[in-house]
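1. Pasted the sequence and its predicted model underneath.
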Amino acid sequence: MKSPLGPLKKVYSLTEAGEKILKIKVNKNFSDQIRFIENFLIELSLIYIQSFPEDEERKKQCRWVQNLLRNMLENIIIRLNSKDKIDKWPERNCPGCNATIYRHDATFCPLCGTELIKLPI
Ligand SMILES: [Zn+2]
């Protein structure tokens, strides 16, 4: 007598294998996409910096872009790490440079250094 569990078990293991393949694909795709964005940001930033003809201005813009990217990465890390939903936090903009400030406890703008008003908890 054939066990009725036989074919069912086979289907189950096939699904599991399929899921594994899918996971590998998604994971590979994810790191490829992150690398793509990294390269894109480098290209875009270099085009922006090199659009300034003066050497001094180029250096100044380079520092500004570096701070901008540092701020962006910090924001991403904070938002991924946050236990609470970050969208519950009141987002605000720097009165000096209009950058979005995600850190609830920030007292200075990480981009331009403008002092920020302390938010009530
Ligand atoms: Zn600012």
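-> Sure thing, it's come through.
2. ok, longest helix in this protein?
-> helix 5-50 (DSSP state H).
3. For that helix, name the packing helices and strands.
-> Packing partners of helix 5-50 (3 or more CB pairs under 8 Å, 6 or more residues apart in numbering; DSSP states H and E): helix 55-81. C-beta coordinates here come from the backbone N, C-alpha and C atoms, glycine included.
4. Please report the distance of the residue sitting nearest the centre point of the chain from the ion.
-> Residue closest to the average C-alpha location in the chain (CA atoms, centre = their mean): Ile76, at 4.0 Å. Using CB to the ion, to the nearest Å, we find Ile76 at a distance of 18 Å from the ion.
5. Burial check on Trp64, number of neighbours?
-> 15 (other CB atoms under 10 Å).
6. no wait, Arg58
-> When neighbours are counted by other CB under 10 Å, Arg58 comes out with 15.
7. Next, the residue nearest to it when sequence neighbours are not counted: phi, psi?
-> Nearest residue to Arg58, sequence neighbours excluded (CB to CB, 6 or more residues apart in numbering): Phe52, at 4.6 Å. Torsion angles at Phe52 (phi, psi; degrees, to the nearest 10) stand at phi -90, psi 120.
8. how about the residues of the protein near the ion?
-> Proximity of the chain to the ion, by CB under 5 Å from the ion, involves residues Cys94, Gly96, Cys97, Ala99, Cys109, Leu111, Cys112, Thr114.
9. and with 8 Å instead?
-> 94-99, 101, 109-114 (CB under 8 Å from the ion).
10. In ChimeraX, how would I select the buried members of those residues?
-> Selecting the buried subset of the residues of the chain next to the ion in ChimeraX, with 16 or more other CB atoms under 10 Å as the burial test, is done by:
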select :94,99,101,109,110,111
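11. Kindly reformat the residues of the chain next to the ion as a markdown table containing secondary structure and pLDDT.
-> Output for the residues of the chain next to the ion, formatted as a markdown table (DSSP: H, G, I helix; E, B strand; the rest coil; pLDDT from 0 to 100):
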| residue | secondary structure | pLDDT |
| --- | --- | --- |
| Cys94 | coil | 88 |
| Pro95 | coil | 89 |
| Gly96 | coil | 89 |
| Cys97 | coil | 89 |
| Asn98 | coil | 87 |
| Ala99 | coil | 86 |
| Ile101 | strand | 83 |
| Cys109 | coil | 87 |
| Pro110 | coil | 83 |
| Leu111 | coil | 85 |
| Cys112 | coil | 88 |
| Gly113 | coil | 87 |
| Thr114 | coil | 89 |
